[in-house]
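A.B. asks: Below is the sequence, then the predicted model.
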Amino acid sequence: MTRLIYVLNGPNLNMLGVREPEIYGTETLADLRSRTEKAAAANGLTIEFRQSNVEGELVNWVQEARGKAKGIIINAGAYTHTSVAVLDALQAVGLPVIEVHLSNIFRRDQFRQHSYVSLAATGIICGLGGKGYELAIEAMTDILSKGGNKA
Ligand code: DQA
């Protein structure tokens, strides 16, 4: 059975390609999806890749991952900095979590420099654009090879 990873994307990431390309680059969400799928296939993983602008939908998907997936890769977009609900869901499901951001949130506005998601994440990858999604797949593969425990 292949190991399934949920790759969840938050608000405004559906606008990638047109959204502030000087910050987020020119790749679309579909581009990111195919990069992530390729990296997953190369590592023997399958992915469920989703995007929503709705906080509660992200919470539902995190909960859904429990029992179905071996881990969660999440770019929660702006909810990273605001959502206790997303954090609570990530902590509730007990799966390994890797947090991804296209931009380097630590060299941007002060309000982006705090992440609720980080409190539930094994690690964070930011500032490397779409490459970060591929690196997250590699990191998740590593975590799963060591037993897939939440750290
Ligand atoms: C982002 C960074 C967030 O601060 C922002 O709200 C986003 C995208 C990133 O991928 O760089 O929507 O998560």
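C.D. replies: Structure received. Numbers count the residues shown, from 1 in each chain.

A.B. asks: low pLDDT regions in the chain?
C.D. replies: Across the chain, the ranges flagged by pLDDT under 70 are 1, 151.

A.B. asks: tell me the centre residue of it?
C.D. replies: residue 74 (1.7 Å; CA atoms, centre = their mean).

A.B. asks: I'd assumed residue 90 was in contact with that one.
C.D. replies: Yes - if you go by CB atoms under 8 Å, residue 74 and residue 90 touch, sitting 7.3 Å apart. Placement of C-beta: from N, CA and C, glycine included.

A.B. asks: overlap in contacts of these two?
C.D. replies: Residues touching both residue 74 and residue 90 (CB atoms under 8 Å, 6 or more residues apart in numbering): 62, 97, 117, 121.

A.B. asks: export the residues you listed to CSV and tack on neighbour count and secondary structure?
C.D. replies: Formatted as CSV, these follow (neighbours: other CB atoms under 10 Å; DSSP: H, G, I helix; E, B strand; the rest coil):
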residue, neighbour count, secondary structure
62, 27, helix
97, 29, strand
117, 24, helix
121, 22, coil
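
A.B. asks: So which of those residues is the closest to the ligand?
C.D. replies: Using CB to the nearest ligand atom, residue 117 is the member of the shared contacts of residue 74 and residue 90 that lies nearest the ligand, at 9.3 Å.

A.B. asks: residue contacts, the residue nearest to the centre of the chain?
C.D. replies: Contacts of residue 74 by CB under 8 Å, 6+ apart are 6-10, 58, 62, 86, 90, 97-100, 117, 121.

A.B. asks: can you tell me the helix or strand for it?
C.D. replies: strand 71-75 (DSSP states H and E).

A.B. asks: same question, residue 137
C.D. replies: Using DSSP H and E, the element containing residue 137 is helix 131-145.
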